[in-house]
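**Student:** Quick one: sequence and predicted model below, then my questions.
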Amino acid sequence: DQQVKQNSPSLSVQEGRISILNCDYTNSMFDYFLWYKKYPAEGPTFLISISSIKDKNEDGRFTVFLNKSAKHLSLHIVPSQPGDSAVYFCAASLTGTASKLTFGTGTRLQVTL
Amino acid sequence: DAGITQSPRHKVTETGTPVTLRCHQTENHRYMYWYRQDPGHGLRLIHYSYGVKDTDKGEVSDGYSVSRSKTEDFLLTLESATSSQTSVYFCAIRLTGDSTDTQYFGPGTRLTVL
């Protein structure tokens, strides 16, 4: 039973445009969410997080939006750059902390010139 | 750099043989994790530790055991490797601070079971 779902396995976006990566979850008790980026042959790296008490968090080109009623979060990357090409994972926690995370299946983003 | 290393980085073994993967950290972080990454499944938690000799199961723990006798080392053992355990294994530590609470991942170990 996949509690955290990324329904788009891949996404292609032109350089300079906005990339929107989506993540849905089924457990309404999740209260802390994170996004990670992963390049081939490397470990995932943390991008941005959001607590369920917020609906938006920004860090530079990256913004995460949380819609609790829809059990949906999204990661916006503006503007997209070729170096953003990677696999993106969303993750969710039941504890309000990163002590135990459930990950989605990932979305491969390709930013084209 | 949170000072986390994994060894070996690559391993090929045969079905039925025991395999131990090592995760080493240098900064005395309390929480450590083992994940596997497979196509179509993302990252799945195998086992985690919240202190020396304190471990718990994740969602895919069958066929795996762990040990943590020192803060800095977290070992993952496949007692009798099977082809279904061919995967990329990632170790992680939990990083906390004034404005952050996240997991930091090691570089991974690619394991092939023939």
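**Tutor:** Done, it's in. Residues are numbered from 1 along each chain as shown, chains lettered A, B, ... in the order given.

**Student:** list the contacts for the nearest residue to A:Phe62 once chain neighbours are set aside?
**Tutor:** Distances taken as CB to CB, 6 or more residues apart in numbering or on different chains place A:Ile48 nearest to A:Phe62, at 5.0 Å, with adjacent residues excluded. Using the backbone N, CA and C atoms, a C-beta is placed for each residue, glycine as well. Residues in contact with A:Ile48 (CB atoms under 8 Å, 6 or more residues apart in numbering or on different chains) are A:34-35, A:57, A:59, A:62-64, A:75.

**Student:** Tabulate the residues you listed (CSV), appending neighbour count, secondary structure and pLDDT.
**Tutor:** Listed next are those as CSV, based on neighbours: other CB atoms under 10 Å in any protein chain shown; DSSP: H, G, I helix; E, B strand; the rest coil; pLDDT from 0 to 100:
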residue, neighbour count, secondary structure, pLDDT
A:Leu34, 23, strand, 97
A:Trp35, 24, strand, 98
A:Asn57, 16, strand, 97
A:Asp59, 10, strand, 96
A:Phe62, 17, strand, 98
A:Thr63, 18, strand, 98
A:Val64, 24, strand, 98
A:Leu75, 23, strand, 98
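
**Student:** farthest-separated two in these?
**Tutor:** A:Leu34 and A:Thr63 (14.0 Å; CB to CB).

**Student:** Would you pull up the residue in chain B closest to chain A?
**Tutor:** B:Phe105 (3.3 Å; CB to the nearest CB).

**Student:** Please identify which helix or strand holds the residue nearest the centre of chain B.
**Tutor:** Nearest to the geometric centre of chain B sits B:Trp34, at 2.6 Å (CA atoms, centre = their mean). B:Trp34 is part of strand B:32-38 when elements are defined by DSSP states H and E.

**Student:** partners of that strand, with directions?
**Tutor:** Taking DSSP bridges as the criterion, strand B:32-38 forms sheet pairs with strand B:42-51 (antiparallel), strand B:87-96 (antiparallel).

**Student:** Take these and write them to CSV, including mean neighbour count and mean pLDDT.
**Tutor:** Output for the strands paired with strand B:32-38, formatted as CSV (neighbours: other CB atoms under 10 Å in any protein chain shown; pLDDT from 0 to 100):
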stretch, mean neighbour count, mean pLDDT
strand B:42-51, 21, 96
strand B:87-96, 21, 96
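
**Student:** Quick one: those as CSV, columns for distance to A:Ser19 too.
**Tutor:** Shown next, in CSV, are these (distance: least, CB to CB, whole Å):
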stretch, distance to A:Ser19
strand B:42-51, 19
strand B:87-96, 24
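
**Student:** right, so of these, which gets closest to A:Gln110?
**Tutor:** Nearest to A:Gln110, of the strands paired with strand B:32-38 and by CB to CB, is strand B:42-51 at 18.3 Å.

**Student:** With just CA atoms, put that closest one into CSV.
**Tutor:** Output of strand B:42-51 as CSV, limited to C-alpha atoms (Å, rounded to 0.1, in the frame of the first residue of the first chain):
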residue,chain,number,x,y,z
GLY,B,42,11.4,4.7,-4.7
LEU,B,43,13.2,4.5,-1.4
ARG,B,44,12.0,2.0,1.1
LEU,B,45,13.1,1.8,4.7
ILE,B,46,14.6,-1.5,5.8
HIS,B,47,15.7,-0.9,9.4
TYR,B,48,16.6,2.1,11.5
SER,B,49,18.4,2.8,14.7
TYR,B,50,17.7,5.5,17.4
GLY,B,51,20.8,4.7,19.5
